[in-house]
Every structure is written in structure tokens, then in C-alpha cells.
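Enquirer: my questions concern the predicted model and sequence given below.
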Amino acid sequence: MSGIEKSPWLIHYDASSCNGCDIEVLACLTPMYDAERFGCIVTGDPKQADIFLITGSVNHLNIPVVKNLYEQMPEPKAVVAIGACAYTGGVFSECYNISGGVANVIPVDVYVPGCAAKPESILDGVVRAAQILAEKRKSLKVSQREKRKAMKKAKRVKGGAKAAGGQS
Amino acid sequence: MIVREIQTLEEITVGDLIPKVHALKAEGWRIIQVLAVSGPEANELTYSFGLGMQFKLLRFRVGSEQTVPSITPVYVAAYLYENEIRDLFGVKIERIAVDWLGKVYDVKGDKPFSKVTVTGACVECPPSTIIQGTKS
Amino acid sequence: MSAHEKAAPGPTVIPFGPQHPVLPEPLHFDLVLQDEKVIDAIPQIGYIHRGLELLVDKRDYLDYVHVAERICGICSFMHGMGYCEAVETLLGITVPDRGRWLRTFWCELERVHSHLLWLGLGADSLGFENLFMAAWRARETVVDVAEETAGGRVIFGSALVGGVSKDPSDETLKRCIAAMKPVRAETLRLANVVMNESTVRHRFEGVGVLSKEMAYALGAVGPMLRASGVDYDVRRRGYAAYAEVDFETVTETAGDCMARALVRVREIEQSFHIMDQIVATMPSGPVAVPVKGMPPVGEAWVRLEQPRGEVLYYVRSNGTRNLERFRVRTPTFANVPAMVEAVRGASLADVPNIILTIDPCISCTER
Ligand code: SF4
């Protein structure tokens, strides 16, 4: 099977950003920057998404929403935090209603710098996330294989133990 | 065609609010916003209205235990401002037409804006007429 | 009770948002439905509330411009400039002519970029992908001009207390105006699509009607108010260089989604007209005056016209480097009651495009 890194599906959520980074994310999808040439498709459904693009510093009310979206995404998944806000809270880091960065809420794989982040760097971030996705998928496969092996082994050992128990 | 902006500030009392607002509504003024500033003992509320390029402010102070009547029976559109002020500053506003029961922003912490107290400044400012704007 | 009787009509509440495909920003509505008709809508906001008004007493009053520019990324220059105008009024500073002219130029540039952005999103809410892409492609040129003249694509970063912080040369400005010629032609073409394309007309005409009286009584502002036939535009106050240019206030009378779309599309043309005049009459000289010392004790109110309508800034100082109170009342905040009114009585399928024609900007609403 060819890797999902060739056609990652994106979901975008604005967790209390100033809109600056959001419109740059949208600009990435339009003809000038055109993320679709990397096979990306934007979806509104977290259950179909592979890459989570998140902007903004995540306010108090948004924490459950962000967690919920993240948990609904199937494994493997990658998170791209866009802009200074998503990194540390940016200019808003001293505001009372801010959790100060996406990493405080969900694990982040790629940070895109800038305030506002430029479309070029957002594209870089998406491409990097696709690579991470491929690595994650590989390790997921390996770990699944190992899990299966371990399970088989456990069964065998158990069976053996039973057999041994029968003998005595 | 440039219209000169005229800003006027009028200090009133809580009791005067509703009759004043009724009079403004009858003259065709529209509500622009309601501002709250938290002071050391009292909160200060400023209601702004606009008619063409004219800009009128009504201002009064309320103690933390005092209640303020809602102006939503006259200007329905004020419900957002009033809910916001009640949630963020803890000003007691009564009978708001659309009541969110303290859930406008659902912020972290209780009445965050009430913790910053603004001392002095315009509390002493005389009721003034600020005239601003370029050519007519 | 039979199954049929159980299904007997009663109002249903449907949650709309916060994460919704047509909304670029989180906004939540509880829609109360009777069959397919919306009988009431209860907005719930707060997903973007940061509390940045409180930051004024942590930042120097000259540095707060950076925060003010990030109230909203779409009208960022105007937010920065509104804050600056309020502080300048407090300090009694007059901005030099070239600074005022450049401010007007960037304000109008921002209006064009915002309206094109809206046109794209509005088209997207109808599922008209092609128009979305076309509008955003045209917008790229405008954003490039912003980057070349001001330094930033969306956050311009050129607002400064006392003037502006960048000074593009007259040649650059002339070149930019020439570079935007194709955008003008493209806008006219897109306006034609909006007016005549049957898919757009079908979804926009007669939908979400707001009467003139209602719009005024509910305190609506900007294109929302003008689409219902009220001639109200704060640029008539003559701030920046608006007293020196000639422009027309665009109004429509139908008050439906189509009227709101047309007001914006026609305003783009007016903005280009203003930019032409600005560049043609650009005075020479400094772009800013130096600002030193503490602001005096006092307060100031300033109103501007943003792409979404009238915005109000308030600053109050106690004579120290940190202002005591900053308040911004943004256009979408004023438009929420009117938006709820427009949604009432519409059918469920029309809700996304009605909300989109208000051009909601949640980020600045909640601050
Ligand atoms: S990083 Fe800057 S531009 Fe991006 S959302 Fe935050 S404040 Fe806005």
C-alpha cells in the first residue's frame, strides 16, 4: 500500500487565534500556494483526517474541543501548530484566558514559526508532517507486528503451561 | 461631503438612565456600546449613542451592591453588552431581555475584569464637550 | 401513543458549530427549529476570548500597538491605527500629511483584501468552489502589494503612534497601483458572476431579509446596515485623509443576502478609486512625528469604518506609561442581534450562507 504521506487529509481548527494565521492557512489551499499539489485535501471531519492544523493559543473554552477533535482522528496522526500563538501564546501569552500554547493540551509534532506564519512555511510544515506521518505509520506497523507476535507467544506459553499443568 | 463629529458626555444618575434612554430612542439615536470601568469602590458605566455623526455618552457610577436597570426594553440590541459587563465586571444588571446567565464568554476565573481597578483619572473629569473632527 | 403521534411537531434544538466546515472560526449557535424553519437562534461565543483588553496595563502604551494589530488578522492595520488615533487624540498629536495619506491607502487596501476574502468564503458557503478560488487568487495580488508596501501580508505591522512606521516610495506605490489593475478587472468579472449566476442568485435573493427599520433599531453597522438602505459610513467623519478624497457610500435597498454581497463587491471598486486618488496626490515629507513622554490623564473615543462596519476605540490614561483601560467595540459585536434576526424564519439549509453574509469576525468580537 502506498503511504498516506502521499495524500494526507487535513483538518483545520482555530483555537482562539487572531485570524491572521487562519487566513494564511486558507491561502495555502487556494491557487497561489495550492497545497493540493501535495495530495492534501481539507476535510471538515476529524475521523477522516491525518494532519491536524491548529492555530491560536487554545483558550479555556477550547480545551475540550481541541482534545475531542484530536482523539477522534485515527492513528497515525500528526499535529502542526501554526504561529507564535500556538507555540507559546505569542502576544497573548499574558492573557488570563489562555492556556499558553497547543502543546499544553495535545502533543505537537511540527511548529510553524511566524506571526502571522507565511503560507510558504505552513506548506513546509505540512510536508514535514507528512513525513512524520510516514514514520509514525511504520513504527505503528512494527509495534503492531510485535504486539501480534507477543500475543502469539503469550498464547503459546499459556498453552504450554496448561499442558504442563495437565501432566502433573 | 464631510460631517463634523460632535462628542458630548453627560453625567447622570442611575435613576435617570431609563427616562434618558427613552428620550434618546424617541429622537432616533442608535445604541453604539456600553462601557464598564471598574473603580476602587464603584464601577463606572458609560452608554454611547449615535445619530448621524453625533456621538453622545451617558455616564454614571454604581456601587458593587447597587443594581442597574437593563436598557433592553428600549434598545434590545444592548443585551450583548449588558451580559458581557455583568459577566466580566460583576455589575448587577437586572432583567436583560436575552439572558445568558453568566455564560457569554465562559471565562476562566470569576469576573476577571473586576480585579483590575482603575484609580482616578476621568472619574474626576468634569462633564465635558469634546469636539473633534476635521473640516466641514 | 403511536409512532406517528410521537413525531408530532415540537421545536427541535440543533447545535451549529463550533467546528463547522463553512466557518473558518469557531462560533456556536443553538438553532431552535420548527420542522425546517428556524424560529430562534441563540448564539454562544467565547471560543476565542483571550481578554486582551486587560493587557494594556502590562504593556507600554507605545508597544500595545502590536497587540492592537492582533485583535483581528483581517482588519489588523485598522485596529492598530484605531488604537493609535485614540492615543494621538489623548496626546493631542497631529499626524503629518504623508502619514495620513499612507494610512488611508492601507485602510483601503485592507478593505479590498477583506472583501475579496469574504467573497471567497461566501461562495464557499454555497459550495461554489470555483468562485472561492477565483476570489482568493485575485486577493493574492492585493496581499502582495501589502507585503511590498507595509511589510506584512496579513498583519501589516506598519501602525505607529504618531504616524506610520514604513515609508514606501512614490514609485513603489505607483507600481503597486498598476499591478492591481488586473484585480480591478477581475473584481468586475466576479461581480458579474455574483449578480447573474443562477446558483448564486438562487441562494442569495430574498434570503435572510433585514428591513431598514430593523437593521437600524438593532444597531447593525457597515455593509449589513447599508444593504438595508441606511446611508451610514464613518469615513464621512473625515479621519486620516478621507476628507480629501472623493468617494461614494454604497447602499442597496433589498436587505437580503444578495444586497449584502453587492454592497461589498461595489465597495471594492470605491476603494480602488480612493487608492488612485491617494497615490496621485501623495504629499511628501515625514510619515510620523516622534512621540515621547507620558500620556496625559484623560480619555479618548475614536470611531473608524472597518470592512465590517463601524468600530469604536476607547482609551483612558492615568498619566503613566500603562493605560488604564482600553476598549474596542467591533462591528461583528454590534451585528450579532441583527444576525440573529436575519436567521430567524430562514430554513436550516440557508443558515450557513446567511451567517456568512454578515461577514462575521469572531476573533475581534471576543477579543
Ligand atoms: S501567531 Fe500572530 S498572526 Fe498568528 S494567530 Fe497568533 S497573533 Fe495572530
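Expert: Arrived safely. Numbering: from 1, shown residues only, chains lettered A, B, ... in the order given.

Enquirer: sticking with C:Glu140, tell me its helix or strand.
Expert: For C:Glu140, the element it lies in under DSSP states H and E is helix C:129-149.

Enquirer: any part of that helix near chain A?
Expert: Yes: using C-beta under 8 Å from any C-beta of the partner chain, we find that helix C:129-149 touches chain A at C:Phe132, C:Met133, C:Trp136, C:Arg137, C:Glu140, C:Val143. Any C-beta I mention is one placed from the backbone N, CA and C, and that applies to glycine too.

Enquirer: quick check: C:Val311 is in a strand.
Expert: Yes: membership of C:Val311 in a strand is supported by DSSP: H, G, I helix; E, B strand; the rest coil.

Enquirer: show me what it is bridged to.
Expert: C:Leu304 (DSSP bridges).

Enquirer: list the contacts of it.
Expert: C:Cys75, C:Met78, C:His79, C:Gly82, C:Arg303, C:Leu304, C:Glu305, C:Val328, C:Arg329, C:Thr330, C:Pro331 (C-beta atoms under 8 Å, 6 or more residues apart in numbering or on different chains).

Enquirer: excluding chain neighbours, what is closest to the first one?
Expert: Once its chain neighbours are removed from consideration, C:Cys75 has its nearest residue in C:Gln306; the separation is 4.8 Å (C-beta to C-beta, 6 or more residues apart in numbering or on different chains).

Enquirer: which parts of chain A sit against chain B?
Expert: Residues of chain A lying close to chain B by C-beta under 8 Å from any C-beta are A:Asn59, A:His60, A:Leu61, A:Tyr96, A:Asn97.

Enquirer: farthest-apart pair in those residues, please.
Expert: The most widely separated members of those, counting by C-beta to C-beta, are A:Leu61 and A:Tyr96 (12.8 Å).

Enquirer: ok, the two, which is more surrounded?
Expert: Each of A:Leu61 and A:Tyr96 has its neighbours counted (other C-beta atoms under 10 Å in any protein chain shown); A:Leu61 has more, 25 against 19.

Enquirer: am I right that the more buried one sits in a strand?
Expert: No: under three-state DSSP, A:Leu61 falls outside any strand and is assigned helix.

Enquirer: so where's chain B uncertain?
Expert: Confidence mapping of chain B against pLDDT under 70 gives the ranges B:97-136.

Enquirer: so where do the helices sit in it?
Expert: For chain B, helices defined by DSSP state H occupy the ranges B:17-27, B:79-89.

Enquirer: would you format these as CSV with distance to the ligand and mean neighbour count included?
Expert: Listed next are the helices of chain B as CSV, based on distance: least, C-beta to the nearest ligand atom, whole Å; neighbours: other C-beta atoms under 10 Å in any protein chain shown:
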stretch, distance to the ligand, mean neighbour count
helix B:17-27, 38, 15
helix B:79-89, 22, 23
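
Enquirer: ok, which of these comes nearest chain C?
Expert: Of all the helices of chain B, helix B:79-89 sits nearest to chain C, with 5.8 Å by C-beta to the nearest C-beta.

Enquirer: and that closest one, what does it pack against?
Expert: Based on contacts counted as 3 or more C-beta pairs under 8 Å, 6 or more residues apart in numbering or on different chains; DSSP states H and E, the elements that helix B:79-89 packs against are strand B:30-38, strand B:92-94, helix C:331-343.

Enquirer: residue numbers of chain A in contact with chain C?
Expert: Proximity of chain A to chain C is confined to A:13-24, A:26-27, A:30-32, A:44, A:56-57, A:59, A:61-62, A:65, A:69, A:90-92, A:94-98, A:115-116, A:118-119 under the rule C-beta under 8 Å from any C-beta.

Enquirer: list the neighbouring strands of the helix or strand in which A:Tyr13 is found plus their orientation.
Expert: Element membership of A:Tyr13 [criterion: DSSP H and E] is strand A:9-14. Strand pairing for strand A:9-14, using DSSP bridges, gives strand A:41-42 (parallel), strand A:51-55 (parallel).

Enquirer: what is the mean pLDDT for that strand?
Expert: Across strand A:9-14, the average pLDDT comes to 84.

Enquirer: now the following helix or strand past that strand against helix C:129-149, angle please.
Expert: Counting by DSSP H and E, the next helix or strand C-terminal to strand A:9-14 is helix A:20-29. Using axes from the mean of the first three to the mean of the last three C-alpha atoms, to 10 degrees, the direction of helix A:20-29 lies 120 degrees away from that of helix C:129-149.

Enquirer: which helices and strands does helix A:20-29 pack with?
Expert: So helix A:20-29, by 3+ C-beta pairs under 8 Å, 6+ apart, packs with strand A:9-14, strand A:51-55, strand A:78-82, helix A:83-88, helix A:119-167, helix C:129-149.

Enquirer: could you tell me the least trusted of those?
Expert: helix A:119-167 has the lowest average pLDDT among these, namely a mean of 78.

Enquirer: what's the offset of that one from the middle of its chain?
Expert: Using C-alpha atoms, centre = their mean, to the nearest Å, the mean C-alpha position of helix A:119-167 is found 18 Å from that of the whole chain.

Enquirer: so which elements touch it?
Expert: helix A:20-29, strand A:51-55, strand A:78-82, strand A:110-112.

Enquirer: and these as CSV, adding mean neighbour count and distance to the ligand?
Expert: Formatted as CSV, the helices and strands packed on helix A:119-167 follow (neighbours: other C-beta atoms under 10 Å in any protein chain shown; distance: least, C-beta to the nearest ligand atom, whole Å):
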stretch, mean neighbour count, distance to the ligand
helix A:20-29, 26, 3
strand A:51-55, 28, 5
strand A:78-82, 27, 7
strand A:110-112, 22, 9
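
Enquirer: among the ones you listed, which is nearest A:Lys141?
Expert: strand A:78-82 (16.1 Å).

Enquirer: is the closest residue in space to C:Arg321 that isn't next to it in sequence in a helix, a strand, or coil?
Expert: If the residues on either side of it in the chain are set aside, C:Arg321 comes closest to C:Asp60, at 5.1 Å by C-beta to C-beta, 6+ apart. Following three-state DSSP, C:Asp60 is assigned to coil.
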